[in-house]
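Enquirer: coords please:
(chains A and B)
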Amino acid sequence: MLKLKTGEPWVFWPSSICDTFPENPANKILRGDCYFEFDLRFTLREEPTERKTIFALLPKYTGLDIHSEGMVFAYTTEEETSYMNLPSLIKVGEEVLLTVEHQPNKYLRIFINKELIEEINLDNKVFGLDNSPHIIFGAGNFPKNNFNLNYTSLDLHEFILKGITGVLSHHNFEEFIFDKSVDISGNLNFIHKL
Amino acid sequence: MSLQEVKNKLDGVGCGFCLAKWTQVTMHLGMGMTHSCHHPSPHKIPLKEVERNPSALHNTSYKKQKRREMLEGKKPEECNYCWKVEESSNSFSDRVFKSSEPWSIDQFEKIKESHWREDFNPRYVEVSFSNTCNFKCAYCGPQYSSKWVEEIEKHGAYPTSYNFNDISNIQARGEMPYKHSELNPYVEAFWKWWPDLYKDLHTFRITGGEPLLSKDTFKVLEYIQDHHHKNPNLSLSINSNLGVPDNLIDKFIEIAKDLCENDKVRELTIFTSVEAKGAQAEYTRYGLEYDRFWANVDKILTALPKVTINIMATFNALSVFSYDELIDKTFEMKKKHANGQRYWVSALQLDTSYLRWPTHLSVKILEPKHKTLILKSAEKALYYGIKEFTNDNYGFSNVEIQKIKRIYDYAISEGDFNLDQNRKDFVIFVDELDKRRGTNFLETFPELKEFYAKIKNRRTVGILA
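Expert: Coordinates of the predicted model:
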């Protein structure tokens, strides 16, 4: 398990350290023209008295925020960023399985504990395109940018990213090397501390 | 100035024009050889020329003819490496890269306007005073190691298919180094030229042999201590195997402290080598005491808080089984000595290159299961990587990681490589090495027991047949 402290987010961005290694960094599929699905098992540690970010897919912002009244899911297409209010299904101290599934030009689905809570129709829309997308856990932005941070204390239990060929990255957050969670799929798609 | 702009400038003078022919030199004084840039082979410096003009250590009549060709729009044959790159791709050749170095490009106008007969003081100089060395690394030879000379004089060449380290070939080419006890006129010429050369230098690097065993190295260092005001911006580099007696290491540290603390040089970098761990490293770099090597790295980085040590690792077939542990050790030292005040960001750099020669020690001789270990090493370096390579960070840089990964790519690449012959030569080499040096290959490399037996068996069967 990885305990994310407030103000110390981690990031899934395996292409950020070395230009050519891993050869096919999995973060590259987090874009509008690729199929992807990720599972994030986590536990919220503190009451969201103010807005908190569970995860944020950048730079075309897509993320899940939680606040005292409920949740907000934001997603960005090539045209715009949209916001959806959702009921709060995440409780402090309870383990949650969040799943996000993207089918290019078809849909973006959000599941909580395997229950579909929202399906966004992507007919005639292209989910955000970028050459180096990445996911921040426990913040809405990089600390150095100093805005939209919404730091969150989270326990991360598991992260699995799948593409059309199957599992590309799998973290159970049990093995760490130099502030990096080891990708147990063996694909070198690590998650590292910012 | 962009690389394209540099290329345009060079091409404006001639399609074969390269500033390195003037601004850069490597002088192998032990052998009396010189070359500008590492692509053209070194050529012999005529003694008559240096007697008349010590700067002929760089400005030989041969090299001047090549400069003439360059100034007259021709492409010297010896620089073929670059012409091939330029003809076969749109990439910039080393002619452009080397000319674009700040210490080179700022000489453009002066060189362009010069006559080809003129002498020119180089800005980037590498010098080897002699081949005196207390090591005889498996991939080295008599030109660069006096210990190798002793061994070959006693036992002859290695009985590989191409008589590895045959001294008669070296003698025939006139490349036999002067012995330590002999007076070397090239070194004499160097000292005549040095006061004039020093003031124009951007970078000065002492290689070997083992530089710390040469009195000329300390003479240079002491000269800089006393004359630094003539060139306070010198970038100084010294190679060392860090296996010399303690008193020499201590003497070097004492001088280096003065140079660094009193800003008598712009920067000081130490280059060393190791490419495996423990007994396996000691087998490859015969003479190395692995633990003492690291104790000296630690000692230097502690005593010299501004200095960076660069490990030039010549990755070879004997590196694969312990390179990952070398990476661990390097990381440990990077972490321990990160202080934010070094000339270079990292206290210790691991610069991994693949061994091309001798081919019987190339990683290409290995089996696929061995080669995957190289990939594992690269993976470890990646996990030790850092995104932002700044003074506040330590860890492996993008380049350090890529260069290890590149070894794997090289190892598995298809190409013109005589696998069978090189494997046979490998076994002949280690057998002979063990016989001469009293080492035990199979005890040191149990991971290669099966591999060795397979080749040995095939070889024996071949001989019987």
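Enquirer: what about the residue located most distally from the centre of chain A, which SS state?
Expert: What lies farthest from the middle of chain A is residue A:124; by C-alpha atoms, centre = their mean that is 24.1 Å. At residue A:124 the chain is in coil, as set by DSSP: H, G, I helix; E, B strand; the rest coil.
Enquirer: interface residues of chain B facing chain A?
Expert: Residues of chain B lying near chain A by C-beta under 8 Å from any C-beta of the partner chain: B:331, B:378-380, B:382-387, B:395, B:398, B:401-402, B:405. In short, each C-beta sits where N, CA and C put it, glycine included.
Enquirer: mind running it again at 6 Å?
Expert: Contact residues, chain B versus chain A (C-beta under 6 Å from any C-beta of the partner chain): B:379, B:382, B:383, B:384, B:385, B:387, B:398, B:401, B:402, B:405.
Enquirer: and the least confident of those?
Expert: pLDDT across the residues of chain B next to chain A is lowest for residue B:387, at 81.
Enquirer: burial of that one, as a residue count?
Expert: Under the neighbour criterion other C-beta atoms under 10 Å in any protein chain shown, residue B:387 is assigned a count of 15.
Enquirer: did I read that right, it in a helix?
Expert: No: secondary structure of residue B:387 (three-state DSSP): coil, not part of a helix.
Enquirer: does it touch residue A:18 like I think?
Expert: No: using C-beta atoms under 6 Å, residue B:387 is not in contact with residue A:18, being 9.6 Å away.
Enquirer: the spatially closest residue to residue B:242 that is not a sequence neighbour: which element?
Expert: Residue nearest to residue B:242 in three dimensions, not counting chain neighbours: residue B:296, with 4.2 Å by C-beta to C-beta, 6 or more residues apart in numbering or on different chains. Residue B:296 belongs to helix B:290-303 when assigned by DSSP states H and E.
Enquirer: repeat for residue A:102
Expert: Residue A:102 belongs to strand A:95-103 when assigned by DSSP H and E.
Enquirer: cool, and residue A:21?
Expert: Applying DSSP H and E, one finds residue A:21 in no helix or strand.
Enquirer: quick revisit: what are the buried residues along the helix holding residue B:296?
Expert: B:290, B:293, B:294, B:296, B:297, B:299, B:300, B:301, B:303 (16 or more other C-beta atoms under 10 Å in any protein chain shown).
Enquirer: just checking, what packs against it?
Expert: When contacts are defined as 3 or more C-beta pairs under 6 Å, 6 or more residues apart in numbering or on different chains; DSSP states H and E, helix B:290-303 packs onto helix B:278-284.
Enquirer: show me where the stretch 101-250 of chain B has helices.
Expert: Under the criterion DSSP state H, counting those that start in this stretch, helices of the stretch 101-250 of chain B are mapped to B:102-105, B:108-113, B:146-155, B:167-172, B:185-198, B:215-227, B:246-261.
Enquirer: the strand holding residue A:102: which residues count as buried?
Expert: Within strand A:95-103, the residues that count as buried by 16+ other C-beta under 10 Å are A:96, A:98, A:99, A:100, A:101, A:102.
Enquirer: mind checking how far residue A:142 is from chain B?
Expert: 11 Å (C-beta to the nearest C-beta, to the nearest Å).
Enquirer: who's the closest spatial neighbour of that residue, skipping the chain neighbours?
Expert: The spatially closest residue to residue A:142, leaving aside those adjacent along the chain, is residue A:194, at 6.4 Å (C-beta to C-beta, 6+ apart).
Enquirer: assumed residue B:67 was part of a helix.
Expert: Yes: with three-state DSSP as the criterion, residue B:67 is assigned to a helix.
Enquirer: what about residue 19, neighbour count?
Expert: The chain I'm using is chain A. Other residues lying near residue A:19 total 10 when counted by other C-beta under 10 Å.
Enquirer: not what I meant, chain B
Expert: Residue B:19: 31 surrounding residues under other C-beta under 10 Å.
Enquirer: give the contact list for it.
Expert: Residue B:19 makes contact with B:99, B:104 under the criterion C-beta atoms under 6 Å, 6 or more residues apart in numbering or on different chains.
Enquirer: quick one, phi/psi of it?
Expert: The phi/psi pair for residue B:19 (degrees, to the nearest 10) reads phi -70, psi -20.
Enquirer: and the gap between it and chain A?
Expert: Counting by C-beta to the nearest C-beta - residue B:19 and chain A are separated by 29 Å.
Enquirer: test my guess that residue B:29 contacts residue B:189.
Expert: No: here residue B:29 does not reach residue B:189: they are 8.3 Å apart, not a contact under C-beta under 6 Å.
Enquirer: burial measure for residue B:287, as a count.
Expert: Neighbour number of residue B:287 under other C-beta under 10 Å is 16.
Enquirer: same check, this time on residue A:68
Expert: 11.
Enquirer: before we move on, the earlier item: what about the residue nearest to residue B:242, distance to residue A:81?
Expert: From residue B:296 over to residue A:81 the distance is 57 Å, taken as C-beta to C-beta, to the nearest Å.
Enquirer: can you check residue A:142 too?
Expert: 18 Å.
Enquirer: which of these two has more residues huddled nearby?
Expert: Neighbour count, other C-beta under 10 Å: between residue A:142 and residue A:81, residue A:142 has more, with 17 against 12.
Enquirer: look at the closest residue to residue B:131 other than its chain neighbours and report its pLDDT.
Expert: Spatial nearest neighbour of residue B:131, excluding adjacent residues (C-beta to C-beta, 6+ apart): residue B:177 at 4.2 Å. For residue B:177, the model assigns a pLDDT of 94.
Enquirer: kindly report the same for residue A:145.
Expert: With respect to pLDDT, residue A:145 scores 88.
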